[in-house]
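Next input, structure requested:
(one chain, ligands or ions: 1)
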Amino acid sequence: MEGTTVRRMRKRKADNKIYLCAPVNALVEGIYEQNIPFSELKKHGDFGLGTFNDLDGEMVMMDGLIYRVSSDGKVNQITDETACTPFSCVTFFQPATEETLNQELSHEEFMNWMKDLMPSPNLFYAFRIEGEFAYVKTRSVPKQENYRPLVEVAAEQPTFEFTNTKGTMIGFYTPPFVPSLNVPGVHLHYLTMDRSSGGHLLECRPRKLMLEMQYLYTLELSLPSNLDYLTWDFQRDISKDLDKAEK
Ligand SMILES: [Zn+2]
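Presented below is the predicted three-dimensional model:
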């Protein structure tokens, strides 16, 4: 049995890649302008999340469409692919497994349920979750000047609450040993079913949902080439800041 699973996992390996257009530590340090156009990002995926140049909102990519949740919580679709991102992570979404949930869970129970679905904490995974939620709390980020650390910005983040809401969550799990590259653990962005609001997920209570999961065996990382990035001293341990900024 185990042998078959391993063989199947190996065969699909090459197609299952997570792409980061920059390491997250640059964003945490406040480099909010990397000028990476979405046309470039879309060469590496049709599904994912991130932010926009100047930290101007939360990004969700779904079926190749790009949505921005701005700091008032409203969503608009971005069709101009010359728009840029300083940090995003994407993949070509091809789910390997599907799970359903039919009972209300607390946020903590939901996170544990997701963890139990992952065969190992040491791979990356992509998730698409469709369903009904008793409660969802999200945040978005207001437009910023460069060099203001993300943890300071996040301390003033506008948050949004939804009750009895239907929608889609898109995101990734990242192993704990690469916090300078991507947000460790589960990172999800939410869009309501009518695609009118959403944001970076802080907390939720799911009631009924379908979760699709993809195993990601390869990480591809692009490194920026602008002067800010090239000359920055990245020796500071950003993991505490990142934990605060993302929760
Ligand atoms: Zn986020």
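
which stretches of this structure form helices?
Taking DSSP state H as the test, the helices found in the chain are 2-12, 24-28, 38-41, 107-117, 150-155, 227-231, 239-246.

tell me the most buried of the ones you listed?
Among the helices of the chain, the stretch with the highest mean neighbour count (mean count of other C-beta atoms under 10 Å) is helix 24-28, at a mean of 24. Every C-beta, even on glycine, is put in place using the N, C-alpha and C of the backbone.

Output the contacting helices and strands for that helix.
Helices and strands touching helix 24-28, as assessed by 3 or more C-beta pairs under 8 Å, 6 or more residues apart in numbering; DSSP states H and E, comprise helix 150-155, helix 239-246.

which residues are in contact with the first one?
Spelled out, it's helix 150-155. With C-beta atoms under 8 Å, 6 or more residues apart in numbering as the test, helix 150-155 has contacts from 27-30, 55, 139, 141-142, 144, 241-242, 244-246.

mean confidence score for that helix?
Averaging pLDDT along helix 150-155 yields 90.

again with stretch 195-208
If you average the pLDDT over stretch 195-208, you get 98.

you'd agree Gly131 is up against Arg205?
No. Applying C-beta atoms under 8 Å as the test, Gly131 and Arg205 come out as separate, 11.2 Å apart.

Comparing the two, which residue is more hemmed in?
Ranked by neighbour count (other C-beta atoms under 10 Å), Gly131 and Arg205 place Gly131 first, with 20 against 16.

With the flanking residues excluded, which residue is spatially nearest to the more buried one?
Leaving aside its chain neighbours, Gly131 sits nearest to Leu209 (2.7 Å; criterion: C-beta to C-beta, 6 or more residues apart in numbering).

wait, the one you found sits on Ala134?
No. Between Leu209 and Ala134 no contact is recorded; they are 11.3 Å apart, counting by C-beta under 8 Å.

of those two, who's got more company?
The neighbour comparison of Leu209 against Ala134 (other C-beta under 10 Å) goes to Leu209, with 21 against 16.

Pairing partners for the more buried one in the sheet, please.
Beta bridges link Leu209 to Leu101, Gly131 when assigned by DSSP bridges.
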